[in-house]
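1. build the 3D model from these lines:
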Amino acid sequence: MTIIFGLFAYVASSQTLIKSDMKAVELLDLNKYAGVWYEIYRLPMRAEKDLVNVTATYKLRNDGRIDVLNQGYKHSPEGKHKKAKAIAWRPNDEFPGELLVRFFRLFKSTYHVVALDENYNWAIVSTKSRQYAWILSRNPILDAELEKELLSMASQKGIDTTRFFKTPQQW
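-> Okay, here's the model as predicted:
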């Protein structure tokens with residue numbers, strides 16, 4: 001099978017060692033969070049270079065953990081399919097918006113859901129260091145006004161939105 005995000009897993013694993021004031025949302029219902037998310041924006045990362053139609057799919061497991069499937073296509077929707085599987089879990093119930101994600105059974109990274117629509121239609125997710133961040137949506141295309149609002153929100157969270165890359169979603 002194809003594997004992507006190998007470098008991402010290595011780099012992201014170092015994020016668990018970095019302390020910051022990144023605050024996660026205080027309420028995250030994993031049942032509502034599960035499902036397919038379309039990547040609208042991301043901070044550049046080598047592992048996702050040239051990928052389009054990037055999605056993250058979260059599926060709850062019986063043991064309370066979450067199966068994660070990140071996937072996309074190289075250069076175009078007809079390009080080479082790339083995917084990476086991971087397992088996520090909430091390491092501390094006192095901080096429901098923080099998830100620990102393990103790639104390839106070796107590398108772990110803490111992700112913060114820093115902003116979330118009350119209906120779980122969009123989310124802003126970041127590593128503690130803010131080196132990696134994403135704007136995710138349940139739809140592949142966002143309304144221009146909402147997109148502008150989410151970029152502003154991400155910036156207010158300390159994410160360098162001037163470096164954001166808009167992920168092509170060509171469904």
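2. which residues in the chain form helices?
-> Listed in chain order, the helices found in the chain under DSSP state H are 6-13, 30-33, 144-156.
3. report how many residues lie close to residue 162.
-> 7 (other CB atoms under 10 Å). The way it works is simple: take the backbone N, C-alpha and C, and place the C-beta from them, glycine included.
4. residue contacts, residue 52?
-> 72-77, 79, 167-170 (CB atoms under 8 Å, 6 or more residues apart in numbering).
5. how near is it to residue 118?
-> From residue 52 across to residue 118, the span is 29 Å (CB to CB, to the nearest Å).
6. do residue 138 as well
-> When CB to CB is applied, the distance between residue 138 and residue 118 equals 13 Å.
7. more neighbours, those two?
-> Neighbours per residue, other CB under 10 Å: of residue 138 and residue 118, the larger number sits with residue 138, 14 against 7.
8. please report how far the residue nearest to residue 71 when sequence neighbours are not counted lies from residue 155.
-> In this structure, residue 71 finds its nearest non-sequential neighbour in residue 83, 3.9 Å apart by CB to CB, 6 or more residues apart in numbering. Computed as CB to CB, the residue 83 to residue 155 distance reads 30 Å.
9. so for the two, which residue has more residues nearby?
-> When residue 83 and residue 155 are compared on other CB under 10 Å, the one with more neighbours turns out to be residue 83, at 16 against 13.
10. I figured that one hits residue 68, correct?
-> No: taking contact to mean CB atoms under 8 Å, the distance of 10.5 Å between residue 83 and residue 68 leaves them out of contact.
11. show the average pLDDT along stretch 95-106.
-> Here the mean pLDDT over stretch 95-106 is 90, rounded to a whole number.
12. let's see that stretch as PDB, backbone CA atoms only.
-> These are the backbone C-alpha positions of stretch 95-106, laid out as PDB (Å, rounded to 0.1, in the frame of the first residue of the first chain):
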ATOM      1  CA  PHE A  95      -8.800  18.400  28.100                       C
ATOM      2  CA  PRO A  96     -11.400  17.000  25.600                       C
ATOM      3  CA  GLY A  97     -10.100  19.100  22.600                       C
ATOM      4  CA  GLU A  98      -6.700  17.500  22.700                       C
ATOM      5  CA  LEU A  99      -6.000  14.300  20.800                       C
ATOM      6  CA  LEU A 100      -2.900  12.200  20.700                       C
ATOM      7  CA  VAL A 101      -2.300  10.700  17.300                       C
ATOM      8  CA  ARG A 102       0.100   7.900  16.600                       C
ATOM      9  CA  PHE A 103       1.400   7.200  13.100                       C
ATOM     10  CA  PHE A 104       3.100   3.900  12.100                       C
ATOM     11  CA  ARG A 105       3.000   2.700  15.700                       C
ATOM     12  CA  LEU A 106       6.100   4.800  16.400                       C
END
